[in-house]
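S.K.: requesting a structural model of the entry that follows:
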Amino acid sequence: MKIATTTGDFAQYAAKRTDIIEILPLMAKCGIKYVDLDMYKSVFEGSPLCGDGWKKWAYGIGEAAAELGLTFVQAHSSNSIYKKGPDRDRLTSLIKREIEVCQILNISGITVHGIKNTDDRNDFMEINTEFYGDLLQTSEKTGVMVYAENSCKKNSPIFYLYDGDDMNELRQRLNAHPLFGFCWDVGHAHIEGVDQYRAIMTMGDGLKAVHIHDNNGADHHLQPYSGGCSYDPIVKGLIDVGYKGYFTLEAFSLPTPQSLMGRKGFKKEGVVFDRLIDLPVEFKLRSETLMLDIVKYMLESYNCFEE
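M.R.: The predicted model follows:
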């Protein structure tokens, strides 16, 4: 397996998450070769993905990656919403645009969170069958796969994609569409207490992507071995199931972002002291390199690492 990691891991060192051209050189410095394009928080006023220049933006980051020897291999979309109407139509149209971005960048598949906010499981499955079915029309035009991602009750108590059986049910409702698959988030599964080996084997050839990270019961996306996640059943499961995708980190190497962890400075006598809210990028580069070495060791231990 080849190791990939997300542009989101470096987003704290760019003005905006969509400033990918600022992020890519940092990734290259760490020896990263394969990149997961994070578009999760790309919907905001002034975002290049929301305006007329989105194709220029996509081609621009593709050229920047090529110059650095980086390859985009996976992506993560923004979110839609449950309630039907103009807002949902707009957000869903942006996800379709993100699928087209993947086509421009030769990315084979994009992870798209399902729509939640219903306390009825069958309703959830029906609305998401409709939602993903709509997206798959764009997939059919572009050749880009769409991956549904599992969650956990602590994050999403009314989401209903928690284990391999849930994922397979949704796939069956979509008539096992050849451009629909799964992204298995091992951190979410760890919080949920899922048997990861069984879940991976249950998903079978529907498993197309993974998100690798760690936690101690809260979804902080820590680097592996910062929490209690067990990786033997994950790596062995991926080998046994014949997984062909990338071993993709969705983990914050140190320092984890202030925006996620909530670190604060304080004020005394009118003076603000906030020097230690975050660490300079030099620490990030060293930590990221260590994280990559650790993950390489994990795969080498099972004789499945690929350059």
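
S.K.: which residue of the protein lies farthest from its centroid?
M.R.: E269 (43.0 Å; CA atoms, centre = their mean).

S.K.: mind checking how far that one is from L276?
M.R.: Applying CB to CB, to the nearest Å, the value for E269 to L276 is 19 Å. Yep, even glycine has a C-beta here, placed from its N, CA and C like the rest.

S.K.: mind checking the SS state of E306?
M.R.: coil (DSSP: H, G, I helix; E, B strand; the rest coil).

S.K.: what sits against it?
M.R.: The contact partners of E306, taken as CB atoms under 8 Å, 6 or more residues apart in numbering, are 1-2.

S.K.: hang on, L94 is in a helix, isn't it?
M.R.: Yes: counting by three-state DSSP, L94 is part of a helix.

S.K.: spatially central residue in this protein, please.
M.R.: Mean-position check on the chain, CA atoms, centre = their mean. Result H76 at 4.9 Å.

S.K.: let me know the pLDDT of it.
M.R.: Looking at H76, its pLDDT reads 98.

S.K.: just list whatever residues bridge to it.
M.R.: D38, T111 (DSSP bridges).

S.K.: in terms of pLDDT, where does the residue farthest from the centre of the chain sit?
M.R.: Predicted confidence (pLDDT) for E269: 97.

S.K.: gap between it and R263?
M.R.: From E269 to R263 the distance is 21 Å (CB to CB).

S.K.: ditto for I104
M.R.: Following CB to CB, the distance that separates I104 from R263 is 37 Å.

S.K.: neighbour-wise, which of these two wins?
M.R.: I104 (17 against 14; other CB atoms under 10 Å).

S.K.: which residues touch the more buried one?
M.R.: Contacts of I104 by CB under 8 Å, 6+ apart are 55, 58-59, 62.

S.K.: any weak-confidence spans in the protein?
M.R.: Regions of the chain meeting the criterion pLDDT under 70 are absent.

S.K.: ranges for the strands of it?
M.R.: For the chain, the strands defined by DSSP state E cover 3-6, 34-38, 71-76, 109-111, 145-149, 180-185, 207-211, 247-249, 266-268, 271-273.

S.K.: contact partners for the closest residue to I21 other than its chain neighbours?
M.R.: Distance criterion CB to CB, 6 or more residues apart in numbering; nearest residue to I21, sequence neighbours excluded, is A64 at 4.8 Å. Counting by CB under 8 Å, 6+ apart, A64 touches 20-21, 24.
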